[in-house]
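1. pasting the sequence and the predicted model now:
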Amino acid sequence: MNRIIKFYHEMGSPPSFYRITSHWLTPLLVLALGLTLYGLIDGLFFAPEDYQQGDSYRIIFVHVPAAWMSMFIYAIVGVAGIMTFVWRMKVAEAVMMASAPIGALFTAVTLLTGMLWGKPMWGTYWDWDARMTSELILLFLYIGVMGIYAAYDEDPRKAARLAALVAIIGLVNLPIIRYSVYWWTSIHQGSSVSLMGGSNGIQDWDMLRPLLVMALATKFYFLYSMLSRAQSYLLKTEQHKQWVSKAIDGQARHKPGVSS
Amino acid sequence: MRFQALVKRDVLVSWRKKSNIYQPLVFQLLIVTMFPLGLGAGAQTLAKIAPAVVWILALLSTLITLENIFKDDFEDGSLGVYVLSGMNLPLAVLSKALAHWLTTGIPVILFAPVTGMLLHLPEQANGILMLSLLIATPIFSLLGTIGSALIMNIKNGGMLLSVLVMPLLAPVLIFGAGAVLETTLGNSAYGHLMLLSGCAVLCLTLAPLAAAAAIKINLE
Amino acid sequence: MMEWFDMGKYDFYVWTSIGVFAVAMLADYVSVRNRAKHIKRQIKAKNRRKQS
């Protein structure tokens, strides 16, 4: 137990966060890459065809993991936002601002792959169904968090606290959006063919396995990208501090051929 | 009592700036002219889209006024004085929202039947239209305080403000325009209006806190 | 070999989706690496200036 508390405190301080996570980056990237390759090959070539959707259902192996990530990452942005706002934790700030662009990217990927799946299944790229609509609004939430940060670029700490506030407001707002959008679609349209209609029926382990592998792969990739971005964020915002110079010079010294 | 004095001042300031009042109405009139020009003047076509258009116009025309809710007070330093004097900031926000609603919200409510008429909105929907706007315009003002407080330090923050408040306004639009639509279809708008009121209560309690937090960060 | 890549009539949709995913991840990876490199170079340059 003590070790966990110690770890938590260490992760809260930028220098130890930087030092500890530096060791994780390469393994995370290797895991992400390996799992993605395995998951995609398994999903695209070995998983059986869906009896209803044929091969088009294989989009699920990128679409659904991306969709899960888009929501999971917003939760992280929100929680890190609360930590930034309440405790003014520098590392939480870095995690929040590092996660937002990755979340936005996954949201965009979700929307695009959703559209590419919608065309053969619904006959149209875009349909204002509840999932797609709330995913689009989620993209606006991400853009808002990043936009407010970018607008205050001369004062990163203020920018981060305002971005945290926007993230928290979004976190409160998200369930209301989801609820209202579902309610809205249930009134305006009859139930359209659900994109996930097939997945409720996914019981075939050969179909489920690549999906879960891809879900894991995207999580690892997110961790890699987020930690690396957070490191850069900390280096940038703490440039004047001594630990930064030490960390950079320390790295330089390990590399042969770089004279210091 | 201090709250009353504050509201009085805010309303006066807002009232003197006449653009707050006529800008949304001129905007609505301009856009409402474009719809028949673009869509064709057929009464049936217009009536079909009227509930949504009237509502979206009310929302957009309010949106363009939100940017300035705090801007002047921030620039002339009176917001800084509020904070330094230990004033209850959420209360000051509430006063601002009230002043904004009185000068922008009420004209928009009263103008809605006019845009409705121009778009052939069935007359029996006017009551619900105004009622839904009566509940929703305070939400616009309250959410506007959040958006305005977030961007008051930024030049040309209007676009960012729209991005920030759009997700917040989406449920309001769904319930509000939905209420009018249901009425034109001959259904009861009760459910929509109740949910809209729920949003209003939520905004009334949370928005001043959020806006006050944004102001505090901005003035640090 | 080619039948491996055959997705019935859905070739375009499936492969474009995979492509979108791959390009997005790759672009993110490149931007992450560039960002790290850029900031480290910046700090090194600053340190050198301080030392000299």
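-> Structure's in. What do you need? Numbers count the residues shown, from 1 in each chain, chains lettered A, B, ... in the order given.

2. C-alpha from now on. contacts and neighbour counts both.
-> Fine.

3. which helices and strands sit right next to the one helix or strand B:Ile109 maps to?
-> Using DSSP states H and E, B:Ile109 sits in helix B:106-118. Counting by 3 or more Cα pairs under 8 Å, 6 or more residues apart in numbering or on different chains; DSSP states H and E, the packing neighbours recorded for helix B:106-118 are helix B:19-39, helix B:43-66, helix B:126-151.

4. what angle do helix B:19-39 and the second one make with each other?
-> Angular relation of helix B:43-66 and helix B:19-39 on a 0 to 180 degree scale: 150 degrees, by axes from the mean of the first three to the mean of the last three Cα atoms, to 10 degrees.

5. roughly how far is helix B:43-66 from the heart of the chain?
-> Helix B:43-66 sits 13 Å away from the centroid of its parent chain (Cα atoms, centre = their mean, to the nearest Å).

6. only the buried residues of the following helix or strand past it, if you could.
-> Next helix or strand after helix B:43-66 toward the C-terminus (DSSP H and E): helix B:71-75. The neighbour-count check on helix B:71-75 (16 or more other Cα atoms under 10 Å in any protein chain shown) flags B:Lys71, B:Asp73, B:Phe74 as buried.

7. cool, stretch A:11-22 as well?
-> Buried-residue list, stretch A:11-22, by 16+ other Cα under 10 Å: A:Met11, A:Pro14, A:Pro15, A:Phe17, A:Tyr18, A:Thr21.

8. from those residues, pick the one nearest B:Asn156.
-> Nearest to B:Asn156 among those is A:Pro14, at 34.3 Å by Cα to Cα.

9. for the stretch 151-260 of chain A, what lies in contact range of chain C?
-> Applying Cα under 8 Å from any Cα of the partner chain, we find that the stretch 151-260 of chain A lies next to chain C at A:Ser225, A:Ser228, A:Arg229, A:Gln231, A:Ser232, A:Leu235, A:Lys236, A:Gln239, A:Ser245, A:Ile248, A:Asp249.

10. what do you get if the cut-off is 7 Å, keeping everything else the same?
-> Within the stretch 151-260 of chain A, the residues that sit near chain C (Cα under 7 Å from any Cα of the partner chain) are A:Ser225, A:Ser228, A:Arg229, A:Ser232, A:Lys236, A:Gln239, A:Ser245, A:Ile248.

11. can you redo those as CSV with secondary structure, pLDDT and distance to B:Gly42?
-> Listed next are these as CSV, based on DSSP: H, G, I helix; E, B strand; the rest coil; pLDDT from 0 to 100; distance: Cα to Cα, whole Å:
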residue, secondary structure, pLDDT, distance to B:Gly42
A:Ser225, helix, 97, 55
A:Ser228, helix, 96, 58
A:Arg229, helix, 96, 56
A:Ser232, helix, 95, 59
A:Lys236, helix, 91, 60
A:Gln239, coil, 86, 65
A:Ser245, helix, 84, 71
A:Ile248, helix, 82, 70
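
12. make JSON lines out of the residues you listed and add neighbour count.
-> As requested, those are exported to JSON lines (neighbours: other Cα atoms under 10 Å in any protein chain shown):
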{"residue": "A:Ser225", "neighbour count": "25"}
{"residue": "A:Ser228", "neighbour count": "24"}
{"residue": "A:Arg229", "neighbour count": "24"}
{"residue": "A:Ser232", "neighbour count": "23"}
{"residue": "A:Lys236", "neighbour count": "18"}
{"residue": "A:Gln239", "neighbour count": "17"}
{"residue": "A:Ser245", "neighbour count": "19"}
{"residue": "A:Ile248", "neighbour count": "16"}
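
13. and those, which two are the farthest apart?
-> Longest span within those, Cα to Cα: A:Ser225 and A:Ser245, 22.6 Å.

14. tell me which parts of chain C are close to chain A?
-> Checking chain C against chain A by Cα under 7 Å from any Cα, the hits are C:4, C:7-8, C:10, C:13-14, C:17-18, C:20-21, C:32, C:35-36, C:39-40, C:43, C:47.

15. which helices and strands sit right next to the helix or strand harbouring C:Ile43?
-> For C:Ile43, the element it lies in under DSSP H and E is helix C:11-51. Judged by 3 or more Cα pairs under 7 Å, 6 or more residues apart in numbering or on different chains; DSSP states H and E, helix C:11-51 is in contact with helix A:90-122, helix A:205-237.

16. what's the most buried one of the ones you listed?
-> Among the helices and strands packed on helix C:11-51, ranked by average contacts under mean count of other Cα atoms under 10 Å in any protein chain shown, first place goes to helix A:90-122 (a mean of 23).

17. chain center to the next helix or strand after that helix, what's the gap?
-> Scanning forward in sequence from helix A:90-122 by DSSP H and E, the next helix or strand is helix A:130-151. In terms of Cα atoms, centre = their mean, the centre of helix A:130-151 is set 13 Å apart from its chain centre.

18. about what we covered before: and the buried residues of stretch A:11-22, which is closest to B:Lys216?
-> The closest of the buried residues of stretch A:11-22 to B:Lys216 turns out to be A:Pro14 (Cα to Cα; 25.7 Å).

19. thanks a lot, see you next time.
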